[in-house]
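Participant: with the input below, show me the fold.
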Amino acid sequence: MEKLFRLKEHGTNVRTEIVAGITTFMTMAYILAVNPSVLSDAGMDPTAVLLATCLASFVGTLCMSLMANLPFALSAGMGLNAYMTYTVCIGYGYTWQTALMAVFIEGVIFIILSVTKVREAIFNAIPMELKKAVSVGIGLFIAFIGLQNAGLVQDNSATLVSLVSFRENFSTVGICALLALVGVLLTAVLYILNVKGAILIGILGTWALGMICQLCGVYVPDNQDYFSLFPTLQMTDFSALGKTFGQCFHINLREVGIFNFIMVIFSFLFVDLFDTLGTLIGVSAKADLLDEEGRLPQIRPALLADAIATTAGAVLGTSTVSTFVESAAGVGAGGRTGLTSLTTAVLFLASMLLAPIFVAVPAFATAPALIMVGFLMFSTITDLRFSAEHLTSVIPAYLCVLAMPLFYSISEGIAIGVISYVVINLACGKYKSIDPVMYVLAVLFVLKYIFL
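Facilitator: Numbers count the residues shown, from 1 in each chain. Now for the predicted structure:
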């Protein structure tokens with residue numbers, strides 16, 4: 001272990017690293033319940049998605065461990081899975097196979113970019129306010145989806161959306177919405193008290209309350225839209241992976257608008273790029289892994305591990321895999337080397353045996369996790385600079401944040417943010433502050449609106 005991970009050099013030991021790896025897994029294991037729930041809305045088999053998520057998380061985290069020797073874990077990215085389901089599949093009408101192909105191509109492009117300095121160069125071209133705005137906007141978008149999955153938000157012809165009526169159909173709709181609300185409060189309290197695995201405990205606690213309500217007759221399954229909350233004890237059906245494995249190659253690109261498809265790939269690239277780099281730098285700073293110039297020495301192998309995981313995940317059958325900010329929990333527990341991420345990787349692989357339990361988690365129980373993760377991403381808003389000299393950047397950032405939940409699309413928010421940034425800065429005579437790459441991106445987005 002010492003020879004492989006250089007534990008003494010990093011001031012740590014085997015016990016500390018293993019405990020840190022377990023801590024990281026506990027804080028991000030909620031993805032094993034949430035990801036099948038989100039991607040199943042796109043028509044994918046939940047068990048297949050769970051198995052693919054476990055395997056992709058194992059591959060990506062193992063690569064991070066052995067290639068970069070960093071204590072970071074990877075899994076299907078929140079926000080990116082929502083973008084794939086609710087924007088690409090439901091919004092654009094693409095099949096989930098086509099969406100997976102876009103993720104696969106994104107992963108291949110990232111592998112190419114990661115072995116060069118192009119990925120860092122693209123990151124540097126985007127103004128900081130827009131980088132932060134993407135995280136904030138995705139947070140609101142995820143939270144809105146959580147409110148919908150909980151049944152707390154419903155369609156309304158007059159106001160577009162409104163609060164659910166708890167008294168109407170209380171034994172199904174009302175009680176599920178109420179349980180989701182209780183789950184949000186429970187998760188929030190646990191998180192504030194710094195309980196390890198607060199989000200996962202919140203999911204399981206909300207689910208347990210639901211089962212108690214079913215036993216007491218408060219929740220009554222109708223076997224159509226609302227089913228029994230008790231999981232069936234059975235072995236994992238590993239053959240289910242065949243329903244998604246390799247399906248990204250079973251598409252006909254002639255039936256897909258090529259320009260729109262390119263824009264989907266670009267949106268995946270953009271969101272994953274800033275999510276991963278931001279997480280790597282932020283968590284590395286907390287772990288004191290940055291050098292004197294604020295750079296992460298192992299960033300290239302770390303980015304390559306991320307790219308390999310995304311490519312493998314698309315083939316297996318899950319959305320974009322990225323580095324999780326919850327890795328900070330393991331770092332906080334003392335994790336400093338790849339042994340931490342190796343421990344997390346092994347736990348993800350072992351989780352495949354519990355697939356029937358994770359898949360059975362109801363939507364109202366995973367909704368609090370979506371809402372709380374939305375809060376964690378929204379907290380980046382404090383990094384936006386609202387002073388007069390930064391208005392040409394922060395107003396486009398505001399428009400980006402506003403557009404994502406209200407237009408129900410991450411890509412639309414990014415497009416509006418980029419276009420407004422270029423236009424506002426040009427109109428205010430600040431053309432020298434605009435990176436040439438931003439002009440290219442703005443033109444591409446304008447062409448999208450003209451021809452699509």
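
Participant: and the helix or strand where residue 358 lies, how far from the chain's centre?
Facilitator: Secondary structure assigned from DSSP states H and E places residue 358 in helix 355-359. In terms of C-alpha atoms, centre = their mean, to the nearest Å, the centre of helix 355-359 is found 20 Å from the chain centre.

Participant: next one: stretch 244-252
Facilitator: Relative to the centre of its chain, stretch 244-252 is centred 22 Å away, using C-alpha atoms, centre = their mean.

Participant: quick one: mean pLDDT for it?
Facilitator: Stretch 244-252 carries an average pLDDT of 86.

Participant: and the contacts of that stretch?
Facilitator: 44-45, 48-49, 52, 95-98, 100-101, 103-104, 314-318 (C-beta atoms under 8 Å, 6 or more residues apart in numbering). (Each C-beta comes from the backbone N, C-alpha and C, glycine too.)

Participant: list the buried ones in that stretch?
Facilitator: Buried positions in stretch 244-252, judged by neighbour count with 16 or more other C-beta atoms under 10 Å: 244, 247-248, 251.

Participant: related to what we said a few turns ago, quick one: list the elements packing against the helix or strand immediately after the helix holding residue 358 in the chain.
Facilitator: Downstream of helix 355-359, the first helix or strand assigned by DSSP H and E is helix 363-378. Counting contacts by 3 or more C-beta pairs under 8 Å, 6 or more residues apart in numbering; DSSP states H and E, helix 363-378 packs against helix 31-40, helix 128-150, helix 175-192, helix 198-215.

Participant: quick one, helices of the stretch 351-452 of the chain?
Facilitator: 355-359, 363-378, 391-406, 410-427, 436-451 (DSSP state H, counting those that start in this stretch).

Participant: for these, which one sits closest to residue 195?
Facilitator: helix 363-378 (12.4 Å; C-beta to C-beta).

Participant: could I have the CA atoms of the closest one written out in CSV?
Facilitator: These are the backbone C-alpha positions of helix 363-378, laid out as CSV (Å, rounded to 0.1, in the frame of the first residue of the first chain):
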residue,chain,number,x,y,z
ALA,A,363,-39.9,8.6,-6.1
PHE,A,364,-41.1,10.5,-3.1
ALA,A,365,-38.1,9.1,-1.1
THR,A,366,-35.5,10.2,-3.6
ALA,A,367,-37.1,13.6,-4.2
PRO,A,368,-35.6,15.0,-0.9
ALA,A,369,-32.1,14.0,-2.2
LEU,A,370,-32.7,15.9,-5.4
ILE,A,371,-33.9,19.0,-3.5
MET,A,372,-30.9,18.9,-1.1
VAL,A,373,-28.4,18.3,-3.9
GLY,A,374,-30.0,21.3,-5.6
PHE,A,375,-29.3,23.3,-2.5
LEU,A,376,-25.6,22.3,-2.4
MET,A,377,-25.2,23.3,-6.0
PHE,A,378,-27.2,26.6,-5.5
